[in-house]
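**Q** sequence-free structure coming up:
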Ligand code: SF4
């Protein structure tokens, strides 16, 4: 029986803990008061529109195991190798030795303030996809005058595939999230006109393409291949958008009640700090696995493993599968 630390109680950390606890002693560290914040902030999940809270409840129930010790509100500050063990040091100055460590510190969303030209934090009608998710969850999709919006524009690739922010990678889940949110808005308010501005639509997963078709054919969501160059406020509290329709080659201006920025996934602070302190930091501050094929949960450091969105943008179901693979790698 090994003494294992898992850092981060998201879907990867919890799934791996539940598998590893069958054979090992597991301590799960989490900086927040509660686990699964990145699932509980969502209303429904793609592609089946199942409840995010139901999935979170199911995962959380897996923590009820005598071999799992939970350390909530316990941020980990550093990870250091000492002889044959890993020393986990918390922000409060406590130190714990472990035989092996699994890093599952996940992601944070891109800070939309960095895209000044899009007006986030300046104009109230410009919101992020996380804020839209909250509105959907609370059945409160409203413009800034607290009215049902007549028009909503979603903009893809904010802080991903973007020279200016330095994030050249694709965040993988925001195309399908925009389509999911657009459908949810239309279900709640069929009278609202919804537009999605995209560079390419990356509907890669099972059922995603069908969602895209349904969004157009059943719900009347409008897709515009184009880029929005800037947003500004109008006299009647709407958002004016200047864009280019890149299919037609036409500049365009339109007004909308809300502009929703589909913010991409970035390395969380925990991912960036701990992967650096352990010597496994990779591109864009994500953690680096040994190889993307057969050793994707291993690292250059002995008995230090990685799983989930601390490595790269990943969907929830891919994260859970990856956590199981990590648990297998740690047990063998
Ligand atoms: S998933 Fe879609 S919106 Fe997100 S970065 Fe990739 S192409 Fe852009």
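**A** Done, it's in. The structure displayed is predicted, hence computed values, not measured ones.
**Q** So the residue located most distally from the centre of the chain versus the ligand, what's the distance?
**A** The centre of the chain is farthest from one residue, residue 83, which by C-alpha atoms, centre = their mean lies 35.5 Å away. Taken as C-beta to the nearest ligand atom, to the nearest Å, the spacing of residue 83 relative to the ligand amounts to 43 Å. In short, each C-beta sits where N, CA and C put it, glycine included.
**Q** mind checking how far the closest residue in space to residue 208 that isn't next to it in sequence is from the ligand?
**A** What sits nearest to residue 208 in space, not counting adjacent residues and going by C-beta to C-beta, 6 or more residues apart in numbering, is residue 176, at 5.0 Å. To the ligand, residue 176 is 7 Å away according to C-beta to the nearest ligand atom.
**Q** For residue 176, give me its contacts.
**A** Contacts were defined as C-beta atoms under 8 Å, 6 or more residues apart in numbering; by that measure residue 176 touches 46-47, 202-203, 205, 208, 211.
**Q** Which secondary structure element is home to it?
**A** Residue 176 belongs to helix 174-188 when elements are defined using DSSP states H and E.
**Q** just residue 57 next, same as before
**A** helix 52-61.
**Q** returning to that earlier point: can you tell me which two in the contacts of residue 176 are farthest apart?
**A** Farthest-apart pair in the contacts of residue 176 is 47 and 202; separation 13.6 Å (C-beta to C-beta).
**Q** which residue packs closest to residue 108, ignoring adjacent ones?
**A** With C-beta to C-beta, 6+ apart as the measure, residue 268 is the residue that lies nearest to residue 108, at 4.5 Å, once sequence neighbours are left out.
**Q** The one you found: neighbour count?
**A** Taking other C-beta atoms under 10 Å as the criterion, the count of residues near residue 268 is 22.
**Q** What's the per-residue pLDDT of it here?
**A** If you check residue 268, the pLDDT there is 98.
**Q** State the distance from it to residue 106.
**A** 5 Å (C-beta to C-beta, to the nearest Å).
**Q** before we move on, what about residue 256?
**A** Applying C-beta to C-beta, the value for residue 256 to residue 106 is 32 Å.
**Q** Which residues of the chain lie near the ligand?
**A** Among all residues of the chain, those adjacent to the ligand (criterion: C-beta under 6 Å from any ligand atom) are 156-157, 160-161, 170-172, 174-175, 200, 202, 262, 264.
**Q** Would you mind giving these as a markdown table with neighbour count, pLDDT and secondary structure added?
**A** Rendered in a markdown table, the data for the residues of the chain next to the ligand read as follows (neighbours: other C-beta atoms under 10 Å; pLDDT from 0 to 100; DSSP: H, G, I helix; E, B strand; the rest coil):
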| residue | neighbour count | pLDDT | secondary structure |
| --- | --- | --- | --- |
| 156 | 25 | 97 | strand |
| 157 | 23 | 96 | strand |
| 160 | 22 | 96 | coil |
| 161 | 18 | 95 | coil |
| 170 | 19 | 97 | coil |
| 171 | 27 | 97 | coil |
| 172 | 20 | 96 | coil |
| 174 | 28 | 97 | helix |
| 175 | 24 | 97 | helix |
| 200 | 11 | 92 | coil |
| 202 | 18 | 95 | coil |
| 262 | 28 | 98 | strand |
| 264 | 26 | 97 | coil |
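**Q** Between all of those residues, which two are separated the most?
**A** For these, the maximum inter-member distance is 14.1 Å, found between 200 and 264 (C-beta to C-beta).
**Q** Give me the local confidence score for the residue farthest from the centre of the chain.
**A** Model confidence at residue 83, given as pLDDT, is 85.
**Q** so what's residue 254 up against?
**A** If you count contacts by C-beta under 8 Å, 6+ apart, residue 254 has them with 151, 153, 195, 240-241, 243.
**Q** Let me know the helix or strand that it is in.
**A** Secondary structure from DSSP H and E places residue 254 in strand 250-256.
**Q** in that strand, what's buried?
**A** Taking 16 or more other C-beta atoms under 10 Å as the neighbour-count basis, strand 250-256 is seen to contain the buried residues 254, 256.
**Q** That strand: partners in the sheet, and parallel or antiparallel?
**A** Partners of strand 250-256 in the sheet, by DSSP bridges, are strand 239-245 (antiparallel).
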